[in-house]
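In: Need coordinates for the below:
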Amino acid sequence: MMSKVKANDKETQQYVNLLKKLDNLKVFITSSPRQTAEMRATAEKYLKTAGMDELMRISDGGKNVKIYMRSGANDSIVKELFMFIEGNAKDNETVLFSLTGNFNLDEISALTEQMNLPGGENLKKASKGNK
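Out: As a prediction, this is how the structure comes out:
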C-alpha cells in the first residue's frame, strides 16, 4: 500500500520511507479502570514470554511509562518496541503500544511524532538517553 503513496517533498518522502519499515502497529487506549487492569495483565503475560529487554521506566506527571524492546540484527536496530503507559487519577488514560519492523530509536520517535501516536514524547526521552 505504501508503495503507491506519492511524496512531493523531502519531509514527506522521509516519512514514507519510515512507514515502509513498519511491519505491524497496534495501539490500544482506554480510560476504563476494568480495561486498564485487563491491558496490564495482558502486557505482563506477553512480556514474560516475549524475550524483550526493558529500555526504560518513566514516571511522568503521575503516569507510569514502561518501554521494552527486542533488538534486531544488531544492537542499534529495534525489531519490536512495546510500551505501556498507565494513567493517573487526573488523566486515567492508559495506552498499550506495540510496533514491529526494523528501526532505530530515533526513527521510531520520529514516526510516533509524525503519526501523533501516544507515548512519542517518552520515546524521544528514551532515544536521547540511549546514545
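
In: Indicate each strand paired with the strand or helix carrying Lys26 and its parallel or antiparallel sense.
Out: Here Lys26 sits within strand 22-30, counting by DSSP states H and E. Next to strand 22-30 in the sheet, as set by DSSP bridges, lie strand 94-103 (antiparallel).

In: buried residues in the strand it pairs with?
Out: Of the residues in strand 94-103, those with enough neighbours to count as buried (16 or more other C-beta atoms under 10 Å) are Thr94, Val95, Leu96, Phe97, Ser98, Leu99, Thr100, Gly101, Phe103. C-betas here are computed from N, CA, C, even on glycine.

In: pLDDT on it, on average?
Out: Taken as a whole, strand 94-103 has an average pLDDT of 90.

In: Is the nearest residue to Val27 once chain neighbours are set aside bridged to anything, and to what?
Out: Leaving aside its chain neighbours, Val27 sits nearest to Phe97 (5.3 Å; criterion: C-beta to C-beta, 6 or more residues apart in numbering). On DSSP bridges, the residues paired with Phe97 through beta bridges are Val27, Met83.

In: try Asp53
Out: Partner residues in beta bridges with Asp53: Met69, with DSSP bridges as the criterion.

In: re earlier: now do the strand holding Lys26, average pLDDT.
Out: Per-residue scores along strand 22-30 average to 90.

In: Going along the chain from that strand, find the next helix or strand for me.
Out: Once the chain leaves strand 22-30, the next helix or strand it forms, by DSSP H and E, is helix 33-50.

In: Can you pull out the residues in contact with that next one?
Out: Applying C-beta atoms under 8 Å, 6 or more residues apart in numbering, the external contacts of helix 33-50 come out as Phe28, Thr30, Tyr68, Arg70, Glu80, Phe82, Phe84, Glu86, Gly87, Asn92, Thr94, Leu96.

In: What strand or helix carries the fifth one?
Out: Using DSSP H and E, the secondary-structure element containing Glu80 is strand 78-86.
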